[in-house]
Each structure stands twice: as structure tokens, then as C-alpha cells.
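Trainee: Just the structure for this:
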Amino acid sequence: FKQKTAYEIRLSLVGSEIDKRQGKILIGGTFASVGGTASANLARINNDATGTVDTAFSSALGSGPNFSVEAITVQPDGRILLGGNFTSVGGNTPTRVARLLASGVLDTSFLAATGPNGTVNEILVQPSDGKLLLRGGFSSVNNVANTQSFARLNADSSLDTTFLGANPPQTGLSLPALSS
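Mentor: Sure thing, here's the model as predicted:
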């Protein structure tokens, strides 16, 4: 990226599965454009000599997330999970957790009810069952109190209320780093 801006950009490399198929990089953060191309808070960069923005992805995404994207995870099937501080994506209302189709279109089959009430900083997909682990600065998920800011969603985006049991740890939780 040759253009420098005052905006913060967090970089998340697309997982090797999608990287092999698409050869592209997803970036999220707080920004309005990348390389002169309008792209609110989320963009996909082509694997070419100059790192151009994938305009087909940006067009499919529409107006994009309305606030910061803090976490990006690509599922094995190519769908893209987002976490952050946004309350809408492309004019739709997923709250702080959303899933896009590989094309960039919002996956409306995955709408996490009211979602977390604060920022989602990390998302991890459990390979065994497709459930999602979330970590961030929230105190409830789908209107269910959650004092540890760590939750698990079922693959359909509903809250897994069996996770962590009756006495979850209150501090010191973080998701493990993924190796490439």
C-alpha cells in the first residue's frame, strides 16, 4: 500500500485454504478507503504487483461495516467471519459479529440476534463442530449476561449456553494463536 493515511489498519492474512483458492488478503480496521478506493473498514486486496483493492468484493459488500473491524477469520468453506465494534454491515444489522459469503455479500442466514454488547476482538472457529469462540470487551451476548467477555456461538450464530458451565473464569482468558 503506497497511500498512507491517519487511519488505523489491522491486517489479517486470509487462511491458507482461501489463500490458495483466491490468493487475496483481507484487511480490517477503521478506514474509509484503501489506495484511493472507497472501502469502509474492510477490504480485500488482490495478490498483484501493486496490491489493488478487489472492487468486486467491495461492491458486493456495499457500504461495509459502519465501525471498526477488529477480527477476521475465514472458515474452511470460504465464508468470512467478522468481529469488531460495528452495528451494521452493508446497511443490515448484524451487531459486532457477522459472516460474509466469499464474494463479500452478507450471509443473512447468520445473524447473531442482538450479538455481543461490546467489541469483539477475536474469533476462532472450532474445527470439530464449527462453533465460534469470541473474545472481546462485552458483558452480554444475545441479551444473556456474560461477565468474562468470552463466549461460544453455535454454527447457526445462536449462543451456546452450555459453554464454560456455571462458574466460568473471570479473567485471563484469551484465544490461542493460530499457526499457519
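
Trainee: can you dump the C-alpha coordinates of stretch 110-129 into CSV?
Mentor: Extracted C-alpha coordinates of stretch 110-129, given in CSV (Å, rounded to 0.1, in the frame of the first residue of the first chain):
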residue,chain,number,x,y,z
PHE,A,110,-26.1,-16.0,10.1
LEU,A,111,-27.4,-13.1,12.1
ALA,A,112,-26.4,-13.3,15.8
ALA,A,113,-29.7,-12.0,17.3
THR,A,114,-28.6,-8.9,19.2
GLY,A,115,-25.0,-10.1,19.3
PRO,A,116,-22.4,-9.0,21.9
ASN,A,117,-23.0,-5.6,23.5
GLY,A,118,-19.3,-4.6,23.1
THR,A,119,-16.4,-5.0,20.8
VAL,A,120,-15.4,-8.5,19.6
ASN,A,121,-11.5,-8.6,19.3
GLU,A,122,-11.0,-12.3,18.4
ILE,A,123,-13.0,-15.1,16.6
LEU,A,124,-11.8,-18.7,16.4
VAL,A,125,-13.7,-21.5,14.6
GLN,A,126,-13.6,-24.8,16.4
PRO,A,127,-12.6,-27.3,13.7
SER,A,128,-14.5,-30.2,15.3
ASP,A,129,-18.0,-28.7,15.2
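
Trainee: So which bits of that stretch are buried?
Mentor: Neighbour counts over stretch 110-129 (16 or more other CB atoms under 10 Å) mark 110-112, 114-125 as buried. (C-beta placed from N, C-alpha, C; glycine too.)

Trainee: as a whole number, average confidence for it?
Mentor: The average pLDDT within stretch 110-129 is 87.

Trainee: From the chain's centroid, how far away is that stretch?
Mentor: 8 Å (CA atoms, centre = their mean, to the nearest Å).

Trainee: nearest spatial neighbour of Val120, skipping sequence neighbours?
Mentor: Leaving aside its chain neighbours, Val120 sits nearest to Gly83 (3.1 Å; criterion: CB to CB, 6 or more residues apart in numbering).
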